[in-house]
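A.B. asks: Sequence first, predicted model second:
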Protein chains: 2
Amino acid sequence: MKSDPLSAAFAALADPTRRAMLTRLCEGEATVNEIAAPFDLSLPAISKHLKVLEGAGLISRGRAAQFRPCRLEPGPLKDVADWVERYRRFWDESLDRLDSYLKEIQHKEKSDDA
Amino acid sequence: MKSDPLSAAFAALADPTRRAMLTRLCEGEATVNEIAAPFDLSLPAISKHLKVLEGAGLISRGRAAQFRPCRLEPGPLKDVADWVERYRRFWDESLDRLDSYLKEIQHKEKSDDA
């Protein structure tokens, strides 16, 4: 099933191993073996995860035939950030409401103590 | 397969219909019929999408037996925003590099014209 680029990015990020791989690539380019090292996974499983990340445009692969190092490509992450940012006012409002509620309780407790 | 909360949020967002449903809920609570209206989908298909959103904690359902209105729950969206925000420096750097490159070209063109 062909999905739109934003859906492909979200789907690729819906896995803790793939998110950990991206975190590793924050340090710079890495070969498949370097990326695989911290995981208790077979190389085919690692390769499959990298293909999903590459398909979503979240990583690119170098051309050096033997190593083909992977590199983080931040474009789709920016698209995800831009999309989710539209909802910021909702969680800000939730935190404001929680804050007001806590202040109200503290105020009430002080009044009760007095 | 039971997934971690962040993976469940990403997976739920990996679908344009579900993202459009969340956008609709920005305007306020809505019944299943109201949410379904703009989509050319069967009610069971709509219900399935809502269950995925509910499972990821992105919406909650009211208790009023007949209508059970859906409401946006911003918590998992904040978690997604917090996760992706860690990568901001990468896309900022990409844009900076593009900006420098464009300035360089403009500068070169001006020199050529002179």
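C.D. replies: Done, it's in.

A.B. asks: Any chance you could list what contacts stretch A:59-69?
C.D. replies: Applying Cβ atoms under 8 Å, 6 or more residues apart in numbering or on different chains, the contact partners of stretch A:59-69 are A:21-22, A:25, A:29-32, A:50, A:53-54, A:70-73. Just so you know, the C-beta spots here come from the backbone N, C-alpha and C atoms, and that holds for glycine as well.

A.B. asks: Go again with 7 Å.
C.D. replies: Contacting residues not belonging to stretch A:59-69 are listed as A:Leu25, A:Glu29, A:Ala30, A:Thr31, A:Leu50, A:Leu53, A:Glu54, A:Cys70, A:Arg71, A:Leu72, A:Glu73 [Cβ atoms under 7 Å, 6 or more residues apart in numbering or on different chains].

A.B. asks: right, and out of those, which lies closest to chain B?
C.D. replies: A:Leu72 (6.1 Å; Cβ to the nearest Cβ).

A.B. asks: how close does that closest one get to B:Leu6?
C.D. replies: 19 Å (Cβ to Cβ, to the nearest Å).

A.B. asks: Next to chain B in this structure, residues from chain A, please.
C.D. replies: Taking Cβ under 7 Å from any Cβ of the partner chain as the contact definition, chain A meets chain B at A:4, A:7, A:10-11, A:13-16, A:72, A:74-75, A:77-78, A:80-81, A:84-85, A:87, A:90-91, A:94.

A.B. asks: Inside strands: which ones of those?
C.D. replies: A:Leu72 (DSSP state E).
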